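Student: just need the structure, nothing else, for what follows:
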Amino acid sequence: MTITQAPRIGGWLYIPLAWLLLTLLSTGVALALYAMVLISADAHQAIRLHSGGQISLWYLSLFSTLVMWCYTLWLAIAFFKRRGLVRKHYIVWLLIGVLLALKSFAFSPISDELALRQLLFPLLAAAILAPCFRRSARVKNTFVNP
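Tutor: Predicted coordinates for the structure are as follows:
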């Protein structure tokens, strides 16, 4: 009886892995910036000068960044372990990224050009990678571990 091993992560799967790791890095940097604001007494005082609605939105952004970082870290670990649940969770992760980009497009006080640029990459990644993770035989054969 011969046992065939699942293919290793390779080929085009390096692209979604790189997207995952870059998101982990960028959300980590964002969390460090939030931590610097929370630690700095001057910055904390400046936040308190804003209205209650703006303060709650700031803390909501902090919370969503923390949740996204934790989910991305968990997904990256599962990706390296080639867990079977990666296929579904990667698609969910891509859609959450699109929703967060839409949130920043709608509610952030930045120019529309910058917001559209931030929205373009998650939309493009979701449009390309979600069908690949859903239908690709290579992905189905790679992510098989329980």
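Student: looking at this structure, which helix or strand is least sure?
Tutor: Scoring the helices and strands of the chain by mean pLDDT, DSSP states H and E places helix 41-48 at the bottom, with a mean of 78.
Student: check which helices and strands it sits against.
Tutor: For helix 41-48, the contact count by 3 or more Cβ pairs under 8 Å, 6 or more residues apart in numbering; DSSP states H and E identifies helix 14-39, helix 52-80 as packing neighbours. Any C-beta I mention is one placed from the backbone N, CA and C, and that applies to glycine too.
Student: now do the same contact list for Ala79.
Tutor: For the record, residue 79 is Phe, not Ala. Ile9, Pro16, Leu17, Leu20, Val86, Tyr90 (Cβ atoms under 8 Å, 6 or more residues apart in numbering).
Student: among the residues you listed, name the buried ones.
Tutor: Pro16, Leu17, Leu20, Val86, Tyr90 (16 or more other Cβ atoms under 10 Å).
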